[in-house]
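Asker: Output the structure for:
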Amino acid sequence: MDFHRDHRFSFSLLIIFSSLLCLHSRADEGTGSVFFLDSTSHQYLRSQSSDSTPETNSMLLPEVVGAVSVLLGVPPPMLSASSSDKLNEVLMPNPFDRPRAVFMLEVSVAEGNDYFGNTLGRRVIFGQNDAEIQLPDEDSVSVVSLNEPLSFDSDSEFTDKDLHDFASWLGGSYVTNALEQLTGELTFPLANGVHLKLHMSKKTDREFTTSLMSLIHNIKRATEIHQDLSGSMHLQSELVTGSFDSIKVLQEQYGTDAAWQGLELFVTSVSKIFDSLQTAYKGQIVGVILFNEKPQTSEKVLKVKVTSRPSARWLEEKKASANATMIAEVVLVRRVLAWITGIILIIATLLGIYFLMNMPLTRDTLLYSNVKLD
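Answerer: Okay, here's the model as predicted:
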């Protein structure tokens with residue numbers, strides 16, 4: 001990775017992150033920051049307050065989960081009164097005016113980085129436990145993952161042309177390697193005349209580029225899914241969620257300066273991604289970008305849990321199964337009674353025949369009671 005300055009070139013970065021937030025880590029609790037990106041055509045979030053205090057400018061992780069749930073239009077988890085007040089400081093008060101679509105991205109970054117911009121941001125205290133976004137069922141909320149892996153190993157998935165299109169999309173360029181495919185050099189202009197170069201022959205640069213291209217590719221897939229859902233009669237809430245860990249890889253390999261360059265390119269990508277989502281969703285979507293400054297593990301801290309409930313068809317089948325069991329029991333009882341009755345009748349018939357055949361042949365006193373015999 002190479003960096004050099006070109007004072008003849010200036011690149012205007014679309015700023016999407018909130019005013020300077022300096023994050024401090026605790027020994028026992030992870031910290032980070034969350035940024036809420038509002039719609040460009042409809043206001044779902046409150047504006048950033050200029051007189052906010054450190055107490056009001058921070059959130060707990062369950063409060064972030066509650067905000068995402070409310071934006072999706074699903075019941076949030078149980079929150080305290082103070083946590084509810086925190087949500088009121090972030091969300092607009094109208095409960096019937098929610099986007100019902102959220103673009104949620106969790107980013108692992110190196111310690112000490114700052115993020116700045118003009119959107120609503122909060123410092124986040126993660127605590128000891130992860131937080132779960134509990135969704136009712138798949139029929140009510142559609143969840144699209146942005147972590148579907150893509151690889152350069154197959155030419156059918158990525159080519160030099162894809163890398164060239166990717167560079168052009170971000171205002172950069174790609175120089176191919178005539179000797180070997182997918183080993184060229186990507187160049188991206190950043191702020192203050194700085195250029196970021198990524199060599200596809202290097203493992204770290206390749207991993208960062210692959211992760212960013214996979215994110216963009218999966219965003220296009222999520223847009224296609226949204227178009228399919230828009231044509232159905234049953235309206236669903238949509239959660240487009242994923243994670244991005246490759247900035248941490250740049251930090252470990254090249255140091256803080258490289259991580260800052262990668263973060264700036266990532267900010268530009270997210271800005272363009274959110275613009276494309278705004279167009280596809282016609283402004284009815286909100287972005288939630290969570291920065292985990294000191295990730296303890298590779299697992300996400302924001303987890304999604306879909307609670308499936310029995311469908312009407314399943315209940316009908318269960319009811320039919322119960323009725324079938326009851327009918328089988330009645331048939332069994334009747335069949336047993338029929339067999340017992342039949343056996344009793346057979347025994348009674350045999351006994352009657354036996355006693356009839358062995359009765360004594362004498363005059364019946366009843367029949368001959370009025371007859372005088374000589």
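
Asker: Which of the three states applies to the residue most central in space within the chain?
Answerer: Against the mean C-alpha coordinate of the chain, by C-alpha atoms, centre = their mean, the closest residue is residue 143 at 4.2 Å. Per DSSP: H, G, I helix; E, B strand; the rest coil, the local secondary structure of residue 143 is strand.

Asker: That one is in contact with residue 236, isn't it?
Answerer: No - with contact defined as C-beta atoms under 8 Å, residue 143 does not count as touching residue 236 (9.9 Å). Where C-beta positions appear, they are placed from N, C-alpha and C, glycine not excepted.

Asker: mind listing what's buried in the helix or strand residue 31 falls within?
Answerer: Assigned by DSSP states H and E, residue 31 falls within strand 30-37. The neighbour-count check on strand 30-37 (16 or more other C-beta atoms under 10 Å) flags 30-37 as buried.

Asker: mind checking pLDDT for the residue nearest to the centre of the chain?
Answerer: On pLDDT, residue 143 comes in at 92.

Asker: contacting residues around it?
Answerer: With contact taken as C-beta atoms under 8 Å, 6 or more residues apart in numbering, residue 143 is in contact with 135, 239, 241, 304, 306.

Asker: how about residue 120, what does it touch?
Answerer: Taking C-beta under 8 Å, 6+ apart, we find residue 120 in contact with 18, 35-36, 38, 45-48, 90.

Asker: Let's see that with 10 Å instead.
Answerer: Applying C-beta atoms under 10 Å, 6 or more residues apart in numbering to residue 120 gives the contacts 18-19, 34-38, 45-49, 89-91.

Asker: now it: how far from residue 72?
Answerer: To residue 72, residue 120 is 18 Å away according to C-beta to C-beta, to the nearest Å.

Asker: again with residue 262
Answerer: Note on residue 262: its distance to residue 72, by C-beta to C-beta, is 30 Å.

Asker: So these two - more neighbours on which side?
Answerer: Between residue 262 and residue 72, counted using other C-beta atoms under 10 Å, the more crowded position is residue 262 (28 against 25).

Asker: Give the closest residue to the more buried one in space, chain neighbours not counted.
Answerer: residue 250 (4.3 Å; C-beta to C-beta, 6 or more residues apart in numbering).

Asker: my read: the one you found touches residue 260, true?
Answerer: Yes - here residue 250 reaches residue 260: they are 9.0 Å apart, a contact under C-beta atoms under 10 Å.

Asker: what about the two, which has more around it?
Answerer: Per other C-beta under 10 Å, whichever of residue 250 and residue 260 has more neighbours is residue 250, with 27 against 21.

Asker: my read is that one is in a helix, agree?
Answerer: Yes - counting by three-state DSSP, residue 250 is located in a helix.

Asker: mind checking pLDDT for it?
Answerer: Per-residue pLDDT puts residue 250 at 92.

Asker: Alpha carbons of the strand or helix carrying residue 83, as PDB, please.
Answerer: Following DSSP H and E, one finds residue 83 within helix 81-90. The C-alpha coordinates for helix 81-90 follow below in PDB (Å, rounded to 0.1, in the frame of the first residue of the first chain):
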ATOM      1  CA  ALA A  81     -37.800   5.000  31.800                       C
ATOM      2  CA  SER A  82     -34.300   6.600  31.300                       C
ATOM      3  CA  SER A  83     -33.700   4.400  28.300                       C
ATOM      4  CA  SER A  84     -37.100   5.400  26.800                       C
ATOM      5  CA  ASP A  85     -36.100   9.000  27.200                       C
ATOM      6  CA  LYS A  86     -32.900   8.300  25.300                       C
ATOM      7  CA  LEU A  87     -35.000   6.800  22.400                       C
ATOM      8  CA  ASN A  88     -37.200   9.900  22.400                       C
ATOM      9  CA  GLU A  89     -34.100  12.000  21.900                       C
ATOM     10  CA  VAL A  90     -33.200  10.100  18.800                       C
END
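
Asker: hmm, who's touching it?
Answerer: Contacts of helix 81-90 (C-beta under 10 Å, 6+ apart): 34, 36, 44-46, 49, 52, 55-60, 62-64, 66-67, 69-71, 76-77, 79-80, 120, 122.

Asker: Tell me the buried residues in it?
Answerer: Neighbour counts over helix 81-90 (16+ other C-beta under 10 Å) mark 83, 86-87, 89-90 as buried.

Asker: just how off-centre is it within its chain?
Answerer: Computed by C-alpha atoms, centre = their mean, to the nearest Å, the chain-centroid distance of helix 81-90 equals 24 Å.

Asker: Also stretch 66-77?
Answerer: Worked out by C-alpha atoms, centre = their mean, stretch 66-77 lies 13 Å from the chain centre.
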